[in-house]
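Enquirer: Build the 3D model from these lines:
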Amino acid sequence: MSLSLPDLRSIVIGRLPTADPLRSLQLNEAVTYDSTPTERPCGFQRHCLSKIKAVLAVSEDRNLGDSAEGLLSISRGIMSVSQAIDIAVRIAIAIRTEQWFLNGNHRTALAALVFSLAEHGVILSSSFRAYHAYTILSARFHPGNESNSLNEAARADVTTRLKAYLHTRTYPITQSKILLNTHSRLSDYLLSHVLVIGGLSVTIERVEARMNELQALADKARWQERLEIWRSLDRRERTDLKLACYPYLDKGPLKLR
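Expert: Residues are numbered from 1 along each chain as shown. Presented below is the predicted three-dimensional model:
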């Protein structure tokens, strides 16, 4: 069942730190607010429950309610951007690699990334694209991607690539005239990212369909038709395809420009 916009905002505003598994559960609910291809409910996977049993046992004592005062504990000026990125990436990769949830692990990992950065006084620039970050986290074609989990080599590679991507697309919140000391605007900033991340499933389906179409033409050696389709795509569509399926589109004799 879909959540209304006010319900999403109540999830965005909260008292728990992003590293808390229960905060990740809230974010999982937020980014899977709309129907998904699998129609599976949100919630922890069975294999993760034992790891967070102690946290869940004391959940009744935690204040999960919404309060503008408890939106985030911003530590402005205490932590460097690099340190904040290190923490955020570690949380995101843990969620993605260990598959904490029944559904939406990649999207939850991205939401946790955004929230962790904000919690430590770092926000994303306009050049950040959720889909690009998604493809990095996915590591779809990495040989270390095993049954939707990442082995040690793949995890190290994703960590390096994601940090490099974020280092050029983040800055301290103290440099933002819009967000500084404004809880409502910070809430709007986070909510906008939740909505984009929650809607990634539509982009993923669209890219998958186009990728399969182009690959089918390549398999049949129908090169001219494939080239014509490629030329008909706009710049954003081409970029998304190259990010998603570079083994087919960005290497060797099948490369398209």
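Enquirer: So which elements touch the helix or strand hosting residue 26?
Expert: Following DSSP states H and E, the helix or strand that holds residue 26 is helix 21-31. Contacts of helix 21-31 with other secondary structure elements, assessed using 3 or more C-beta pairs under 8 Å, 6 or more residues apart in numbering; DSSP states H and E, are made with helix 5-12, helix 53-57, helix 105-119, helix 183-198. Backbone N, C-alpha and C define where each C-beta goes, glycine included.
Enquirer: again, only this time at 10 Å
Expert: Applying 3 or more C-beta pairs under 10 Å, 6 or more residues apart in numbering; DSSP states H and E, one finds that helix 21-31 contacts helix 5-12, helix 53-57, helix 81-98, helix 105-119, helix 183-198.
Enquirer: Need the ones you listed in TSV (columns: mean neighbour count).
Expert: Converted to TSV, these look like this (neighbours: other C-beta atoms under 10 Å):
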stretch	mean neighbour count
helix 5-12	16
helix 53-57	11
helix 81-98	20
helix 105-119	26
helix 183-198	18
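Enquirer: Of all those, which one comes closest to residue 160?
Expert: Between residue 160 and these, the shortest gap by C-beta to C-beta is with helix 81-98, which sits at 9.5 Å.
Enquirer: roughly how far is that closest one from the heart of the chain?
Expert: Its chain's C-alpha centre and that of helix 81-98 lie 11 Å apart, by C-alpha atoms, centre = their mean, to the nearest Å.
Enquirer: and the angle for that helix with helix 21-31?
Expert: If you take axes from the mean of the first three to the mean of the last three C-alpha atoms, to 10 degrees, helix 81-98 sits at 80 degrees to helix 21-31.
Enquirer: Identify the residue spatially nearest to the most centrally placed residue in the chain, adjacent ones excluded.
Expert: In the chain, the C-alpha nearest the mean C-alpha coordinate belongs to residue 110, at 2.1 Å (C-alpha atoms, centre = their mean). Sequence neighbours aside, residue 197 is the residue nearest to residue 110 in space, at 4.9 Å (criterion: C-beta to C-beta, 6 or more residues apart in numbering).
Enquirer: Which pLDDT value does the model give that neighbour?
Expert: Residue 197 carries a pLDDT value of 94.
Enquirer: Equivalent analysis for the one 10 residues further on, please.
Expert: In this model, residue 207 is scored at 85, pLDDT.
Enquirer: Could I get the contacting residues of it?
Expert: The neighbourhood of residue 207, defined by C-beta atoms under 10 Å, 6 or more residues apart in numbering, consists of 131, 135, 237, 240-241, 243-245.
Enquirer: for residue 192, same thing?
Expert: The contact partners of residue 192, by C-beta under 10 Å, 6+ apart, come to 12, 114.
Enquirer: pLDDT score assigned to it?
Expert: What the model reports for residue 192 is a pLDDT of 91.
Enquirer: ok, now residue 130?
Expert: On the pLDDT scale, residue 130 is placed at 93.
Enquirer: Not counting its own residues, what contacts the one helix or strand residue 159 maps to?
Expert: In this assignment (DSSP H and E), residue 159 forms part of helix 152-167. Taking C-beta under 10 Å, 6+ apart as the criterion, the residues outside helix 152-167 that touch it are 81-82, 84-86, 88-90, 92-94, 96-97, 109, 113, 117, 122, 124-125, 127-129, 132-133, 135-139, 142-146, 149-151.
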